[in-house]
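Chemist: Sequence first, then the predicted structure:
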Amino acid sequence: MTEKIRCTWANPLNPLYLAYHDNEWGVPCHDERRLFEMLNLEGAQAGLSWETILNKRENYRAAFDQWDAKKIAAYDADKVAELLGNAGIVRNRLKVAAAITNAQAYLRLLDGGGSLDKLLWSYVGGKPIVNGKGPRPAKTELSDRISKDLLKLGFKFVGSTIVYAYLQGVGVIDDHDPACFCKKARK
């Protein structure tokens, strides 16, 4: 049996990472809770490796009430203190505060008749951008625009580089290597 060819960044020694690469990264997502979760996890990743966050994802889900935005938006000082004491997540005060702010911004978006799904996919006409050969950029004009719009809506930790990684993670952009079996399977 031949080994699957994957993107060069996929750590073959980490089963979580391989499963993420094979089943999630670059796959179009329309699930609101996952879109909200991934936005916050990408923000938590700032300055760290994605593998670090991925390895902590289940801890994040437990700590942040399975990414229930209504619950997160109501977190108080006691809950923040609990989160900052939780070794299973990145204990950064600004990132924890951003998750709460993001929940509040997300609820305002929903209250206004919007959604992350509608917002993100509106930029690409509902169809993912499939990139070909060449290096993956850290950010693009598209991620710049979405970042600015998210900031206007009140979201935090949504700079252009974070947004580009987010777009890759939720499949708005497919940046799989041309030789990767995922790219070939989605043609």
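Modeler: Thanks, I have the structure now.

Chemist: low pLDDT regions in this protein?
Modeler: 1-2, 184-187 (pLDDT under 70).

Chemist: Nearest to the spatial middle of it, which residue is it?
Modeler: Centrality entry for the chain: nearest residue to the mean C-alpha point is residue 38, 2.9 Å, by CA atoms, centre = their mean.

Chemist: Mind telling me what element the closest residue to residue 42 other than its chain neighbours is part of?
Modeler: Once flanking residues are discounted, residue 42 sits nearest to residue 166: 4.3 Å by CB to CB, 6 or more residues apart in numbering. In this view, the C-beta of every residue, glycine as well, is placed from N, C-alpha and C. Using DSSP states H and E, residue 166 falls within helix 160-169.

Chemist: Let's verify residue 61: helix, strand, or coil?
Modeler: helix (DSSP: H, G, I helix; E, B strand; the rest coil).

Chemist: how much space between it and residue 175?
Modeler: Distance, residue 61 to residue 175, by CB to CB, to the nearest Å: 25 Å.

Chemist: Which of these two has more residues huddled nearby?
Modeler: residue 175 (22 against 14; other CB atoms under 10 Å).

Chemist: isn't residue 69 right up against residue 107?
Modeler: Yes: at 5.6 Å, residue 69 counts as touching residue 107 under the criterion of CB atoms under 8 Å.

Chemist: Okay then, goodbye and thanks.
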